[in-house]
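*Asks:* Below: sequence and its predicted model.
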Amino acid sequence: MESSKRIVSTKTVGKKRINDQKWSYPFLLPAVLAVCAIVVIPFVIGIYYSFTKWDGISVSTFVGLENFKRILSDKEFMHSLWFTIKFSVVTVALINLVGLGLALIVTKGFRGSTILRTVFFMPNLIGGLILGFIWQFVFVKAFSAIGTAVGIEALNGWLSTPTTGFWGMVLMVVWQYAGYIMVIYVAFLQGVDESLLEAASLDGASEWQQMLQIKLPMIRPAFTISLFMSLSFCFKIYDQNLALTSGGPFKSTTMVAMDIVNTAFSQREMGLAQAKGMVFFLILTIISVTQVFLSSRKEVEV
């Protein structure tokens with residue numbers, strides 16, 4: 001009798017918990033409304049404006065696919081798109097390499113590793129504009145002073161050429177985001193079963209072999225997440241680009257986000273800027289979905 005009562009009471013509690021879930025929906029409503037108001041509705045309106053000619057003030061005029069045709073012949077946009085892709089490929093690779101390297105270092109368990117994690121993560125807390133101005137001072141003033149003192153002319157005017165401007169952007173963004181990606185790798189490395197590493201060590205496997213054969217295969221979900229997040233970081237960069245090089249010299253380091261903003265607010269062509277945004281969104285979606293699909297196929301289930 002007592003056992004049957006327990007079963008009945010358990011079922012009753014379970015039903016109550018299931019029925020109580022309906023009370024969670026009113027709490028979700030403000031967040032849903034906020035997302036719709038800030039993201040969904042502006043996105044839908046933006047799709048409409050991409051097919052119009054509009055300066056942001058006067059009445060918009062529907063022009064069909066004219067804006068998208070103009071994009072194909074817009075050399076500045078194509079250059080900024082190519083620069084963004086090239087920049088993202090190099091930066092994403094370096095961010096993940098540096099982040100993984102830092103994660104392997106701080107998970108060794110030595111004294112002070114916790115402090116190092118904090119130090120490596122801190123650059124991510126600095127705002128993009130402030131970070132850009134800091135690195136601009138480093139490249140322009142500090143490098144120039146070092147170059148003059150040492151006699152290395154290559155350090156003078158570091159941001160004055162397209163090549164050095166490109167690598168200046170890469171260095172700044174890697175420095176900012178590597179610590180953030182490190183945290184993701186640390187979380188997965190700490191989840192690796194120590195018994196597997198001990199067994200491999202007893203079998204004579206070196207630390208390098210343990211990392212290649214055990215750690216890296218088991219943290220492949222971390223690669224999927226880190227690659228996706230670093231891709232989204234790099235493709236959407238605007239404030240760092242504005243503060244460090246402002247697209248110069250001669251718009252050689254202008255990224256897509258900056259080109260879209262300039263089209264909208266400097267040239268006052270909101271419709272064309274919105275069309276560029278739609279094209280950029282489609283490209284970024286295709287790249288991100290492809291990356292997640294290819295990365296997730298190689299994940300190892302533990």
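*Replies:* Yep, it's here.

*Asks:* need the strands for the chain, in chain order.
*Replies:* Secondary structure of the chain by DSSP state E: the strands cover 52-53, 61-62.

*Asks:* OK, contacts around Val256?
*Replies:* By C-beta atoms under 8 Å, 6 or more residues apart in numbering, the contact list for Val256 reads Phe77, Ser80, Leu81, Thr84, Phe235, Lys276, Phe280. In this view, the C-beta of every residue, glycine as well, is placed from N, C-alpha and C.

*Asks:* do you know how far the fifth one is from Ile95?
*Replies:* Going back to what we said before, that points to Phe235. As defined by C-beta to C-beta, to the nearest Å, Phe235 lies at a distance of 13 Å from Ile95.

*Asks:* Which one's more surrounded, the two?
*Replies:* Using other C-beta atoms under 10 Å, the more surrounded residue of Phe235 and Ile95 is Ile95, with 29 against 21.

*Asks:* Go through the chain and flag its longest helix.
*Replies:* helix 75-106 (DSSP state H).

*Asks:* That one: which residues count as buried?
*Replies:* For helix 75-106, burial by neighbour count (16 or more other C-beta atoms under 10 Å) applies to 77, 80-81, 83-85, 87-88, 90-92, 94-96, 98-100, 102-104, 106.

*Asks:* what sits against the closest residue to Trp175 other than its chain neighbours?
*Replies:* With C-beta to C-beta, 6 or more residues apart in numbering as the criterion, Trp175 has its nearest non-adjacent residue at 5.6 Å, and that residue is Pro123. Residues near Pro123 by C-beta under 8 Å, 6+ apart: Leu131, Trp175, Gln176, Ala178, Gly179.

*Asks:* now the residue lying closest to the third one once chain neighbours are set aside: how far from Leu29?
*Replies:* The shortest distance from Gln176 to any residue that is not its chain neighbour, by C-beta to C-beta, 6+ apart, is 4.9 Å, and that residue is Pro123. For Pro123, the distance to Leu29 equals 37 Å [C-beta to C-beta].

*Asks:* try Gly151
*Replies:* The gap separating Gly151 from Leu29 is 66 Å, by C-beta to C-beta.

*Asks:* what pLDDT does Arg6 get?
*Replies:* Arg6 is assigned a predicted lDDT (pLDDT) of 49.

*Asks:* quick revisit: of the strands of the chain, which stretch is the most buried?
*Replies:* Mean neighbour count (mean count of other C-beta atoms under 10 Å) peaks for strand 52-53 among the strands of the chain, with a mean of 18.

*Asks:* can you pull the pLDDT of the closest residue to Glu66 other than its chain neighbours?
*Replies:* Leaving aside its chain neighbours, Glu66 sits nearest to Lys53 (7.3 Å; criterion: C-beta to C-beta, 6+ apart). Lys53 carries a pLDDT value of 92.
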